[in-house]
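Chemist: Here is the input, now give the coordinates:
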Amino acid sequence: MKNRCVSLPVFVVLSATAFVYYTTVFVVTDQWLSLGTAPGLLNAIIFTGLTAMSVLCYTLAIIRDPGQVPSSYVADLEDSDSSMHEVKRKGGDLRYCQKCGQYKPPRAHHCRVCKRCVLRMDHHCVWINNCVGHENYKAFFLFVLYVVLACIYALVLLVGSAIQELHDEERRSGNIFKTSYILCGLIVIPLTVALIVLLVWHMYLLSHNKTTIEYHEGVRAMWLDEKAGRVYHHPYDLGLFRNLVLVLGPNLATWICPTAVEHIGSGLRFQTYYDNLHGQSSPS
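Modeler: So this is what the prediction gives:
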């Protein structure tokens, strides 16, 4: 495994997280509500929980291998559990990676940064110094979800404290312009906007059982089908609830738990829309 934890973007993320956490809890919350009161302590505990879950999911997204194609993998055209095999756009041959020297399972793609094929590859993320793929997609998605919630919570506390400062004649002398307040706002506000956009994007992908790569490939496929008078349907879209279950798990209570990934399967084959049409039940 590469030294995924040792990279400048990862250091920046962890440093920004530590600064925002300290400022939000020990400066903003303490001065506004006081950590010695029940409201102050409760808000500090909630924000600490959101931050802890964000860091846990972030760590898992970094250290988990996104999914490596086994060296023994061979595409089997006669496999009765798979009604569809992905082929090259030109020639119709089974997908084969020249760089890795082996066949690629469905939804796998070669990463030029990691220099290997990744199962159900979504994209390579510099902020985790790792690919987002089959094994760590849930951790990555939950990281984005928890960090958005944490950022929104930090913004609420920051705005509430600023309003209180404006209405407090004794503390109007300039405390609101403290460097820590300004820096925290400069980090949290643009970060919240960017991460909300990212969260909405991955909620769309998750609800349609797509990866970022498959979305871009689907745009062309949809155009070709419309040109030929056909209706395009993403082959791995099994319906909203089943799509969510495939990534988050069959137990709703563990959807928000990044360590519950026993359900994801091998990543070498996936149930498709066509399996439902044919009444098959292929494993995921």
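Chemist: Help me confirm that R242 is found in a strand?
Modeler: No: if the criterion is DSSP: H, G, I helix; E, B strand; the rest coil, then R242 is helix and not within a strand.
Chemist: Start at 21, not 1
Modeler: Okay, using 21 as the starting number, the last item reads as R262.
Chemist: For C151, list the residues it contacts.
Modeler: 86, 131, 133-134, 138, 141-145 (C-beta atoms under 8 Å, 6 or more residues apart in numbering). Bear in mind the C-beta positions are built from the backbone N, C-alpha and C, glycine included.
Chemist: partners of it in the sheet?
Modeler: H144 (DSSP bridges).
Chemist: That one and L177, how far apart?
Modeler: Distance, C151 to L177, by C-beta to C-beta, to the nearest Å: 35 Å.
Chemist: What residues of the helix or strand where D50 lies count as buried?
Modeler: Using DSSP states H and E, D50 sits within helix 50-52. Neighbour-count burial for helix 50-52 flags 50-52 (criterion: 16 or more other C-beta atoms under 10 Å).
Chemist: What of stretch 143-152?
Modeler: For stretch 143-152, by 16+ other C-beta under 10 Å, it's 144-145, 148-152.
Chemist: returning to what we had before: return the member of the contacts of C151 nearest to I183.
Modeler: Distance to I183 across those (C-beta to C-beta) is lowest for C145, with 36.3 Å.
Chemist: hmm, back to that, let me have the buried residues of stretch 143-152 in CSV, adding distance to I172 and pLDDT as columns.
Modeler: Shown next, in CSV, are the buried residues of stretch 143-152 (distance: C-beta to C-beta, whole Å; pLDDT from 0 to 100):
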residue, distance to I172, pLDDT
H144, 28, 97
C145, 22, 97
I148, 22, 97
N149, 26, 96
N150, 26, 97
C151, 28, 97
V152, 23, 98
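Chemist: Farthest pair within those residues?
Modeler: N149 and V152 (11.4 Å).
Chemist: was I right about L225 contacting T231?
Modeler: Yes: using C-beta atoms under 8 Å, L225 is in contact with T231, at 6.6 Å.
Chemist: Between the two, which is the more surrounded one?
Modeler: Counted by other C-beta atoms under 10 Å, L225 and T231 do not tie: T231 has more neighbours, with 22 against 19.
Chemist: and that one, what does it touch?
Modeler: Neighbours of T231 in contact, by C-beta under 8 Å, 6+ apart: 127, 140-143, 225.
Chemist: switch to 10 Å and redo it
Modeler: If you count contacts by C-beta atoms under 10 Å, 6 or more residues apart in numbering, T231 has them with 127, 129, 140-143, 152-154, 157, 222, 225, 237-238, 256.
Chemist: from these, which is closest to G249?
Modeler: G238 (17.8 Å).
Chemist: what about V48, neighbour count?
Modeler: Neighbourhood size, V48 [other C-beta under 10 Å]: 25.
Chemist: Isn't it up against G180?
Modeler: Yes: counting by C-beta atoms under 10 Å, V48 touches G180, with 8.4 Å between them.
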